[in-house]
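> turn this into a structure:
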Amino acid sequence: MNPKPDPLLPFTRRRFLELSSTGIGAAALSTLLNDDLLAQAAGGASTATGALPGLPHFAPKAKRVIYLFQEGAPSQYELWDYKPKLAGLRGTELPSSVRGDARLTGMTATQESFPVIPSYYSFAQHGQSGAWISELMPHTAKVADELCFIKTMYTEAINHDPGVTFLQTGAQLAGRPSIGAWLSYGLGSMNDNLPTFVAMVSNRDGNPIYDRLWGSGFLPGQYQGVRFLSTGDPVLYLSDPPGVTRSARRRFLDDLGALNRLDYEAGGDPETNTRISQYEMAYRMQASVPELTDLSGEPDSVFERYGPDARTPGTFAANCLLARRLAERDVRFIEVFHRGWDMHTQLPRRIQTQATDVDQPQAALIHELKERGMLDETLVVWGGEFGRTVFCQGRLTAETYGRDHHPRCFTIWMAGGGVKPGLTYGESDDFGFNITKNPVHIHDLHATMLQLLGVDHTRLTFPFQGRNFRLTDVHGQVVHDILT
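Coordinates of the predicted model:
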């Protein structure tokens, strides 16, 4: 037996060398290797990629996911959900038979009136599929036949923090693993030089984006996502410390490796060899990450395709371009968070700015993935935590209005990765307020995403506090109708 180090023993030079991991963020490091430990936690043998034994459960249609998460709840009425009958009902009271017992937020619960508002913007049909898309999304309209619209998403959450947490982790309360962490845990890595799960946040004002949204929850910490930053080192502590040269770092790792090998020969602890591999991975990442984030080799035509913001780090456009580069390098789960969709007032003006931010880059991403033969194996998901109300929040004028949170019916779209292209799924009433056909819950979305990646959502579990947990808890049905 090799006893664990006693934390009360003196902190010697040898102990420091055993425990140190300089030069790169610990999360980025631990997500890359450690296959032996992961397999032990799973109760099985180590695999080449760190996947759990028996996974994938069946042949996957998608290898990776790019999740374009629109924080703040985009209004489906102004973007994707065309409701022509609302034009003749502007300013009229939403019928109580339609509103029913719907929950209201504290921002509209005291309103004496709930006037209906049609979209300020016009819609048209696009592509052979005839998908209805707003004039705010002209570039996305050009890839309409690649998209699968789900018009009947719903959730229990009515406020942003629990809503976003639910979308990311399958639970409204913080503490559960994010969907990317579940995939890292179950399927492992597809590359040797980059994290399995990367998160990026656009530099736009909006509600806070917390690290826990790409966290590992109760899963081991190596499965959490690694946030790429738009200023300084893309990953914290990526650069060598001041005064430490590349050659000096190489010598340090060689000496540390020799000490660790002596430790392994003496005690036989497999974690020691894993630690050696981690240090070597960190060394390789010091080259792979800067190469990934250096866009100077991209031709001007690529930047023109993604739009004028593509050269500005931290923008949605730049992050979409980075998402494509990460996908090319076989990062399994890539998430781009874009804030600013929470529009309780001045919605017509503010949504135009948001749409301009995302329209051209997301269309360019779909175009590029298809041109490079990657769309079929890459699942792209676009959507927020819930939708917006058909009735006006606050004062309704000829030029402006606002919409409150609406969890009962909203729209997302998906593309590639085994999803039927050119499909519109689900129906709601003429007010877009209630679902009338084919409801899709958040748990159903998660189950379907896992299905596309070759995972049975009921069988990907982790023991914690006396029970086996899973992303979909005890719920979720795969939406087979949208799958190829």
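> quick one: the residue nearest the centre of the chain and residue 348, what's the gap?
By CA atoms, centre = their mean, the chain has its centre lying nearest to residue 335, at 3.4 Å. Residue 335 is 29 Å from residue 348, where distance means CB to CB, to the nearest Å. Yep, even glycine has a C-beta here, placed from its N, CA and C like the rest.
> can you check residue 364 too?
Going from residue 364 to residue 348 by CB to CB gives 26 Å.
> buried set for the one helix or strand residue 317 maps to?
Residue 317 is part of helix 316-328, with elements assigned from DSSP states H and E. For helix 316-328, the neighbour count (16 or more other CB atoms under 10 Å) marks 316-327 as buried.
> what lies in contact with it?
By CB atoms under 8 Å, 6 or more residues apart in numbering, the surrounding residues in contact with helix 316-328 are 64, 66, 68, 194, 198, 200, 202, 204, 228, 230, 292-293, 295, 298, 302-303, 306-312, 334, 336, 338, 357-358, 360-362, 364-365, 368-369, 372, 374, 378.
> residue 412 against residue 385, yeah?
No: taking contacts as CB atoms under 8 Å, residue 412 lies outside contact range of residue 385: 10.3 Å.
> the two: which has the busier surroundings?
Shown here are residue 412 and residue 385; by other CB atoms under 10 Å, residue 385 has more neighbours (31 against 23).
> show the pLDDT at the more buried one.
Among the per-residue scores, residue 385 holds a pLDDT of 98.
> again, but for residue 272
76.
> got it, and residue 15?
47.
> and what of the one 5 residues further on?
According to the prediction, residue 20 has pLDDT 47.
> likewise for the one 10 residues further on?
Looking at residue 30, its pLDDT reads 48.
> so what touches stretch 353-366?
Contacts to stretch 353-366, defined as CB under 8 Å, 6+ apart, come from residues 66, 68, 70, 74, 79, 134, 136-140, 142-143, 146-147, 202, 204, 305-307, 309-310, 315-317, 319-321, 323-324, 338, 340-341, 375, 380, 382, 415-416.
> one more pass at 6 Å, please.
With CB atoms under 6 Å, 6 or more residues apart in numbering as the contact definition, stretch 353-366 has outside contacts at 68, 136-137, 139-140, 143, 146, 305-307, 316-317, 320, 324, 340-341, 415.
> that one: which residues count as buried?
Residues of stretch 353-366 classed as buried: 354-366 (neighbour count, 16+ other CB under 10 Å).
> for the helix or strand where residue 252 lies, the averaged confidence score.
When elements are assigned from DSSP H and E, residue 252 belongs to helix 246-267. Mean pLDDT, helix 246-267: 87.
> got it, and stretch 472-483?
Here the average pLDDT along stretch 472-483 is 98.
> end to end, how far does it reach?
One end of stretch 472-483 to the other measures 19 Å (CA to CA, to the nearest Å).
> lowest-confidence helix or strand of the protein?
Scoring the helices and strands of the chain by mean pLDDT, DSSP states H and E places helix 35-42 at the bottom, with a mean of 40.
> ok, then the element right after that helix?
strand 64-70.
> how far off helix 316-328 does that next one point, in degrees?
170 degrees (axes from the mean of the first three to the mean of the last three CA atoms, to 10 degrees).
> need the contact partners of strand 64-70.
323, 327, 332-338, 341, 362, 378-382, 384.
> what's the first helix or strand after it?
Next along from strand 64-70, by DSSP H and E: helix 76-79.
> helix/strand/coil for residue 451?
Applying DSSP: H, G, I helix; E, B strand; the rest coil to residue 451 yields a three-state assignment of helix.
> same check on residue 151?
strand.
> and it, what does it touch?
81, 411, 426.
> do the same with residue 183
Per CB under 6 Å, 6+ apart, neighbours of residue 183: 332-333.
> please, which helix or strand holds it?
Per DSSP H and E: helix 179-187 holds residue 183.
> what is the mean pLDDT for that helix?
Average pLDDT, helix 179-187: 97.
> pretty sure residue 279 is touching residue 254, no?
No: counting by CB atoms under 6 Å, residue 279 does not reach residue 254; the two are 10.0 Å apart.
> between those two, tell me which one has more neighbours.
A direct count of neighbours by other CB under 10 Å for residue 279 and residue 254 places residue 279 higher, at 21 against 9.
> and that one, how close does it get to residue 375?
37 Å.
> what do you get for residue 444?
According to CB to CB, residue 444 and residue 375 sit 23 Å apart.
> more neighbours: which of the two?
Between residue 444 and residue 375, residue 375 has the larger neighbour count (other CB under 10 Å), namely 23 against 20.
> gap between the more buried one and residue 369?
4 Å.
> and what of residue 451?
Taken as CB to CB, the span from residue 451 to residue 369 is 20 Å.
> in space, what's closest to residue 167 - neighbours in sequence excluded?
Nearest non-adjacent residue to residue 167, counting by CB to CB, 6 or more residues apart in numbering: residue 385, 5.1 Å away.
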